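> quick one: sequence plus predicted model below, questions after.
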Amino acid sequence: MEPLLKITTVPLKFEMTVNNARLEYKNPNAQLQISKDAGGLKIKSDPIKLDIDSFECYNCINPTTRTSIKNAAEKGKMAAYEATAAYAQEGKLFLNAKIGEDVIGKIAASKMEVNTNVGIAFTPTARPELNWSDPEITMEYELDKLNFDWKVMNGNFEFIPGNIEISITQQPDVVIEYIGNPVYVPPSADPDYIPSTDVRA
């Protein structure tokens, strides 16, 4: 007789995931700031400079008080020299005089001589002093400059511990299955029923 029941056992199924411990470094975003310094062309020009010193020129026409005193002192000094020379010359004439010679007349005649030096002179007697400096030009060209400013924040480390994940994919079960033929009650209900020909008293 064949078995009428089929019993199937469904085992338990699960999946296990192991995550190892790890150390993660988190670095924030860096910031970059760019600034520009504009250059350019610079030209500096110094033209010729003329320095005119006309003090002496005006001083000889309209002398200052100091110059007037100095000129008067010079004239007095020259007059003293001329007077001394005149007296010396007159004394020399008296020393060399001869008997009967008119020495006084010669002296008087020399004093009566007309001085032809009238003191005419071109004015001004001094000319202005001229000083000059050479012209100068300076050219300076500077390129544009780019400035880079990096701002980086300090990162940090994070420790993530390991773990084990278990997930059940199939529950355990017992499957009972009837594999026999149907049992009809009464037996004559069976479509394949064949009446028995065995007639017994």
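Structure's in. What do you need?
> give the buried residues for stretch 33-51.
Of all the residues in stretch 33-51, not one is buried under the rule 16 or more other CB atoms under 10 Å. All C-beta spots, glycine's among them, are computed from the backbone N, C-alpha and C.
> can you list contacts of that stretch?
With contact meaning CB atoms under 8 Å, 6 or more residues apart in numbering, stretch 33-51 is reached by 130-149, 151.
> let me see the ranges of the strands in this protein.
All strands of the chain, identified by DSSP state E, fall at 5-10, 13-19, 22-26, 31-37, 40-46, 49-53, 129-133, 136-142, 145-151, 156-160, 163-170, 173-178.
> mind checking which of these is nearest Ala85?
Closest to Ala85 of these, according to CB to CB: strand 129-133, at 36.4 Å.
> can you name every helix or strand that that closest one contacts?
strand 49-53 (3 or more CB pairs under 8 Å, 6 or more residues apart in numbering; DSSP states H and E).
> please tell me I have it right and Pro161 contacts Ala21.
Yes. The criterion here is CB atoms under 8 Å, and Pro161 meets it with Ala21 at 5.2 Å.
> distance check, the most centrally placed residue in the chain against Thr197.
For the chain, the residue nearest the mean C-alpha position is Asp37 (6.9 Å; CA atoms, centre = their mean). Shown here: Asp37 relative to Thr197, a distance of 123 Å by CB to CB, to the nearest Å.
> low-confidence regions, the chain specifically.
Along the chain, the parts satisfying pLDDT under 70 run over 1, 28, 87, 90-124, 152-153, 198-201.
> go again using 90 as the cut-off
Scanning the chain for pLDDT under 90 picks out the ranges 1-7, 10, 14, 19, 21-163, 170, 172, 176-201.
> quick one, longest helix in it?
What stands out as the longest helix in the chain, according to DSSP state H, is helix 65-95.
> elements contacting that one?
When contacts are defined as 3+ CB pairs under 8 Å, 6+ apart, helix 65-95 packs onto helix 103-111.
> in space, what's closest to Phe14 - neighbours in sequence excluded?
Nearest residue to Phe14, sequence neighbours excluded (CB to CB, 6 or more residues apart in numbering): Ile168, at 4.6 Å.
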